[in-house]
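Novice: The following comprises the amino acid sequence and a computationally predicted model.
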Amino acid sequence: MRAMTVKPGKEGSAAVTDLGAPAGEGDVVVDGISVGICGTDIEIAAGRYGTAPPGATRLVLGHESLGRVASAPPSSGLAAGDLVVGIVRRPDPVPCGPCAAGAWDMCLNGKYTERGIKQLDGYGAEQWQVEPEFAVKVSAALGDAAVLVEPTSVVAKAWDHVERIIARAPLAPRRALVTGAGPVGLLAALLAVQRELEVHVLDRVVDGPKPDLVADLGARYHTGDVTDVPEPDVVIECTGAPSVVLDVVGHTTPAGVVCLTGVSSGGRTVSVDVGAANRELVLENDVIFGSVNANRSHYEAAAEALAAADARWLAGILTRRVPLHSWIDGLERRPDDVKVTVDLRQPSVQTMIAEGRRS
């Protein structure tokens, strides 16, 4: 069984590794279909972080998963042939209060583990196993687009928490701004459109598929400054760029809500008048909060949102697919990339012959 692996902490260690048994533990055996590659995978492959399972030197990557059930116990509610997505995070062993309640995305002590990231092998293998409670069945109609469930779960959680905050008062949001038109930003915009909001997306890219994907949603695409966008009631910030974060915090309607989903890199300083910012936040009842990861309820909400979306639009996000044997090519970002996926399926004889001819 081949898998996408790295030696955490060692740049240039990415490889295709032949493993003797499915990675991970669990009663459900799954034939891998594809995994998505995101910034987290790129940073782990660059040696910046990531932790191999205890006793192992290599980590199987892949947390944005899609597979087809090969076998499952009757009590699991799954059957051979079902499309499933594996949940990334596992609760800490203590567990803390949120983990004990199934809200492991809100873990308090940091002792959680994560498939393909922290102490657990991921789903980037020809076959993998998963515990039934961490397998989410998805609609067969989604096909390959079901690999978007995991990134969609992140923004499903963001919108869930935004709506809980809005419910603190009799507010009716009308306008949403999403900063960043990468996969997470586009999916955040999709969920905003599904909530029948006026949606604006801000990104610096002027060419390629992103402007059209936003327009096809019925949203408006902007490439200028945040101040060029009408003041939103809700902001989903997906870039992690410090200057953008500061700009959106000061550019909402009264009682505005800003959700930060992008992770900033350290080492950058931005001058800010803290007193003025504090005054505006307090006097306008604004809320700023961070959100990361997702629990099962958010995966299920994500699967429902994708099932209700236009299939052709979802297909437009999947801009490049690389085979498992050359998955390292997927770590390279190209100008027209939106979402790169790795095809985990065994190629047919005809495909291998064709690839041999092209090479």
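Specialist: Yep, that arrived.

Novice: going forward, measure contacts between C-alpha atoms and count neighbours the same way
Specialist: Fine.

Novice: how many neighbours does the nearest residue to L186 once chain neighbours are set aside have?
Specialist: Once flanking residues are discounted, L186 sits nearest to V214: 7.1 Å by Cα to Cα, 6 or more residues apart in numbering. V214: 23 surrounding residues under other Cα atoms under 10 Å.

Novice: what's the answer for G20, then?
Specialist: 8.

Novice: what about it, distance to D343?
Specialist: 20 Å (Cα to Cα, to the nearest Å).

Novice: what about S243, distance to V154?
Specialist: 22 Å.

Novice: neighbour count winner among these two?
Specialist: Neighbours per residue (other Cα under 10 Å) separate S243 from V154, with V154 holding more: 24 against 14.

Novice: which SS class is the more buried one?
Specialist: Put simply, V154 is helix when judged by DSSP: H, G, I helix; E, B strand; the rest coil.

Novice: what's it in contact with, if anything?
Specialist: Neighbouring residues of V154 by Cα atoms under 8 Å, 6 or more residues apart in numbering: V184, S291, V292, N293, A294, H298.

Novice: same thing but at 10 Å, please
Specialist: Listed by Cα atoms under 10 Å, 6 or more residues apart in numbering, the contact set of V154 reads 105, 160, 184, 187-188, 261, 291-295, 298-299, 302.

Novice: Please narrow those to those residing in helices.
Specialist: Among these, the members found in helices (DSSP state H) are D160, V184, L187, A188, H298, Y299, A302.

Novice: you'd agree the last one is up against K157?
Specialist: Yes - A contact is recorded between A302 and K157 when judged using Cα atoms under 10 Å, the distance being 8.9 Å.

Novice: neighbour-wise, which of the two wins?
Specialist: Taking neighbours as other Cα under 10 Å, A302 and K157 compare with A302 leading, 26 against 22.

Novice: Can you give me every residue that contacts that one?
Specialist: A302 touches 138, 146, 148-157, 187, 191, 296, 308, counting by Cα under 10 Å, 6+ apart.

Novice: V282 too?
Specialist: Counting by Cα under 10 Å, 6+ apart, V282 makes contact with P254, A255.

Novice: Enumerate residues external to stretch 308-319 that contact any of its residues.
Specialist: Contacts to stretch 308-319, defined as Cα under 10 Å, 6+ apart, come from residues 36, 141-148, 182-183, 186-187, 190-191, 194, 209-210, 212-214, 216-217, 302, 306-307, 336-341.

Novice: Can you turn the buried part of those residues into a ChimeraX selection?
Specialist: Here is the ChimeraX command that selects the buried residues among these (16 or more other Cα atoms under 10 Å):
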select :36,142,144,145,146,147,148,182,183,186,187,190,191,209,210,212,213,214,217,302,306,307,337,338,339,340,341
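
Novice: From what I see, H325 and V342 are in contact.
Specialist: Yes - assessed by Cα under 10 Å, H325 is found in contact with V342 at 9.3 Å.

Novice: higher neighbour count, those two?
Specialist: V342 (26 against 17).

Novice: Which strand residues bridge that one?
Specialist: Judged by DSSP bridges, the bridge partners of V342 are V35, V322.

Novice: pLDDT at it, what is it?
Specialist: Note for V342: predicted pLDDT of 98.

Novice: what residues are up against it?
Specialist: 4, 33-37, 62, 65, 124-125, 320-330.

Novice: Now which of the residues you listed would you call buried?
Specialist: Buried among these by 16+ other Cα under 10 Å: 4, 33-37, 62, 65, 124-125, 321-325, 327-328, 330.

Novice: Skip the chain neighbours and tell me the closest residue to V249.
Specialist: Leaving out its chain neighbours, the residue that sits closest to V249 by Cα to Cα, 6+ apart is V258, at 6.7 Å.

Novice: roughly how far apart are the one you found and V244?
Specialist: 12 Å.

Novice: shared neighbours, the two?
Specialist: E237.

Novice: Which one's more surrounded, the two?
Specialist: V258 (28 against 17).

Novice: tell me the contacts of that one?
Specialist: By Cα under 10 Å, 6+ apart, the contact list for V258 reads 158, 162, 176-178, 232-237, 245, 248-252, 286-290.
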